[in-house]
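**Student:** quick one: sequence and predicted model below, then my questions.
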Amino acid sequence: MRNIKVFSGSSNLPLAQAVCERLGIALGQVNLKKFSNMETNVEIKESVRDQHVYIIQSACGKVNDNFMELLIMIAACKTASAKRVSVVLPCFPYSRQADVPYNSNRKDRAICPPLSPMAQSYFVNADSKGYRHWVARSGTLIANMLTAAGADHIITMDLHDPQFQGYFDIPVDQIYAEPSIIQYIVSEIPGYERAVIVSPDAGGAKRATSICNKLRLDFALIHKESKPGSRVGMGLVGDVKGKVAIIIDDMADTFGTVGLAAEVLQQHGATQIYGIVTHGLLSGPAIDILNNSPICRFATTNTVPQDEKRRLCAKIDVIDVSTTFAEAIRRTHNGESVSLLFRSLASP
């Protein structure tokens, strides 16, 4: 591969090294450091003139510091006459804070007129005084910052909300962990042919059913139940009694959703419970919840580094997606279709 440079930010160096190894090229040299006042300093230590530059940086760890580091790296490469800069964001930053409509569950403070009692019944996050809440437009802001820094192209994996791509005026290629997840299920879960794929909430149903269809398995859904005068509970649509249950989701942060889903499945008679997510952020109390949950194995990709978390929890398996990113970079660089990677996924 000619006229290509791949650099890594500080968030996920092992993934960048694995990608370069599969591409058969050396990882670009860059000096990343902090001044004593915690300002970020970036020094690109090789020529990028007339090169197609790929910068790999994931949204994990110190997300804001890593994102600022990424912006500076983009600007540094553009200033150094890079022909094109593609940003590889394995886990996209702020993807759960997209611009939200008025009937969203997310809320923040804003000045909005009070709603009538009838209108409040349609807006679940109106407060007791009838005031409507609104959140910051983080989706548009992140897109604008990347574009302003000089990004020409974005490559990411399993966006929390695929509509996030609409905030960009530059090409966005979303690649999928689904092939790697299917391979893990087939090779690592005994008796998967009789398993049930479970979505822990309604928002992830499409993702879970896609895997169901390819593996020809049954599907179940965890949903919230709210009855007048009682607490909100979790219900199950589907049958998992006496079966292996495989929870599928795009992201596990504090592990609250997946952990609660595992308890519901255990109560409904699942014999073994597995959890598989694309982005295993596992922040806050996540490791404690996972260790104490009925989940026997939990698999996540290496879009986020997992070495430290695996030392704290023996249940964690890592699904390597470096091959997928390497192939996406190769196809992009050679002007080939990226979508063909996922258009025809053969069932086992």
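**Tutor:** Looks like it arrived, so ask away. Numbers count the residues shown, from 1 in each chain.
**Student:** could you use CA atoms for every contact and neighbour count after this?
**Tutor:** Will do.
**Student:** secondary structure element for V19, which one?
**Tutor:** helix 13-23 (DSSP states H and E).
**Student:** starting at the chain centroid, how far to that helix?
**Tutor:** 19 Å (CA atoms, centre = their mean, to the nearest Å).
**Student:** what's the answer for stretch 319-338, then?
**Tutor:** For stretch 319-338, the distance to the chain centre is 17 Å (CA atoms, centre = their mean).
**Student:** which parts of the stretch 1-150 of the chain are helices?
**Tutor:** 13-23, 63-79, 117-120, 138-149 (DSSP state H, counting those that start in this stretch).
**Student:** same check, this time on the stretch 151-300 of the chain
**Tutor:** Going by DSSP H, counting those that start in this stretch, the stretch 151-300 of the chain shows helices at 178-188, 205-215, 256-267, 286-292.
**Student:** report all helices and strands that the second one contacts.
**Tutor:** What that stands for is helix 205-215. Here helix 205-215 touches helix 178-188, strand 196-199, strand 218-225, strand 244-252, going by 3 or more CA pairs under 8 Å, 6 or more residues apart in numbering; DSSP states H and E.
**Student:** where does the stretch 101-250 of the chain have low pLDDT?
**Tutor:** Low-confidence segments of the stretch 101-250 of the chain (pLDDT under 70): 101-137, 225-233.
**Student:** quick one: closest of the helices of the stretch 1-150 of the chain to S95.
**Tutor:** Nearest to S95 among the helices of the stretch 1-150 of the chain is helix 138-149 (7.1 Å), distances taken as CA to CA.
**Student:** buried residues in that closest one?
**Tutor:** 138-140, 142-144, 146-147, 149 (16 or more other CA atoms under 10 Å).
**Student:** count the residues that sit near the nearest residue to M157 once chain neighbours are set aside.
**Tutor:** Nearest residue to M157, sequence neighbours excluded (CA to CA, 6 or more residues apart in numbering): I175, at 4.8 Å. For I175, the neighbour count with other CA atoms under 10 Å is 19.
**Student:** i'd like the first residue to be 35 from this point on
**Tutor:** Okay, residue one is now 35; in that scheme the one you just asked about reads as I209.
**Student:** do you know the pLDDT at R377?
**Tutor:** The score at R377 is 63. That number is its pLDDT.
**Student:** let me see the contact set for the nearest residue to H187 once chain neighbours are set aside.
**Tutor:** In this structure, H187 finds its nearest non-sequential neighbour in S120, 4.6 Å apart by CA to CA, 6+ apart. Applying CA atoms under 8 Å, 6 or more residues apart in numbering, we find S120 in contact with 86-89, 185-189.
**Student:** tell me the predicted confidence for S120.
**Tutor:** You'll see S120 listed with a pLDDT of 98.
**Student:** the one 5 residues further on too?
**Tutor:** Looking at C125, its pLDDT stands at 96.
**Student:** also the one 5 residues further on?
**Tutor:** Reading off the per-residue confidence, R130 sits at a pLDDT of 80.
**Student:** tell me the contacts of the closest residue to it other than its chain neighbours?
**Tutor:** Nearest non-adjacent residue to R130, counting by CA to CA, 6+ apart: H194, 6.2 Å away. Contact analysis of H194 by CA under 8 Å, 6+ apart lists 129-130, 284-285.
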